[in-house]
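Novice: Build me a model from this:
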Amino acid sequence: MGQKEILLHMFRKEKNIVKLENAIKKHINENSELKIQVSLLTTIPGVALITAATIIGELGDIHRFSSAKKVAAFVGVSPRKYESGKSVIGAVMRKMICIVRRLIIDKSFYEDKLVT
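Specialist: I've put the predicted structure just below:
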């Protein structure tokens, strides 16, 4: 594949991405509840439309969680404590929704690099 074909392929992919982003925007704008949730999520540094839409898509109805702690546990980013006799071991849970956890970790890493 030559350079011209690669550039044409990239241009087509870019057009598809723009179409998908526009469809996501349209869907959110047509649903007032989604619009509110997206506007709240995008107040978080590093969270823009696509990240907010991904989080909402993965979590589903946010109202089913009674606290932020339960959302964190569901996503798999809350610390977990294991006790056995005298020793206590703490770790971040490594299960549940990998996409949202990955977004959170990637965004926090990126924000950290911007600050330093």
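
Novice: going forward, measure contacts and count neighbours with C-alpha atoms only.
Specialist: Noted.

Novice: May I have the secondary structure class of residue 66?
Specialist: Classification of residue 66 using DSSP: H, G, I helix; E, B strand; the rest coil returns coil.

Novice: list the helices and strands whichever helix in the chain runs longest packs on?
Specialist: Ranked by residue count under DSSP state H, the longest helix found in the chain is helix 3-29. Counting contacts by 3 or more C-alpha pairs under 8 Å, 6 or more residues apart in numbering; DSSP states H and E, helix 3-29 is packed against helix 32-41, helix 49-59.

Novice: what is the orientation angle of it with helix 32-41?
Specialist: For helix 3-29 against helix 32-41, the angle by axes from the mean of the first three to the mean of the last three C-alpha atoms, to 10 degrees is 110 degrees.

Novice: Give the buried residues for helix 3-29.
Specialist: Buried residues in helix 3-29, counted by 16 or more other C-alpha atoms under 10 Å: residue 28.

Novice: Report the rounded mean pLDDT for that helix.
Specialist: Mean pLDDT, helix 3-29: 92.

Novice: so the one helix or strand residue 74 maps to versus helix 49-59, what angle?
Specialist: Using DSSP states H and E, residue 74 sits within helix 68-75. Interaxial angle, helix 68-75 versus helix 49-59 (the same axes, to 10 degrees): 80 degrees.

Novice: What separation is there between residue 32 and residue 38?
Specialist: To residue 38, residue 32 is 10 Å away according to C-alpha to C-alpha, to the nearest Å.

Novice: who's more crowded, those two?
Specialist: Shown here are residue 32 and residue 38; by other C-alpha atoms under 10 Å, residue 38 has more neighbours (22 against 11).

Novice: Contacts only, for that one.
Specialist: For residue 38, the contacting residues are 28, 49, 52, 53, 56, by C-alpha atoms under 8 Å, 6 or more residues apart in numbering.

Novice: where does this structure dip in pLDDT?
Specialist: Residues of the chain meeting the criterion pLDDT under 70: 77-99, 101-102, 104-116.

Novice: hmm, try it at 80
Specialist: Residues of the chain meeting the criterion pLDDT under 80: 1, 72-116.

Novice: for residue 45, helix, strand, or coil?
Specialist: Assignment for residue 45 (three-state DSSP): coil.
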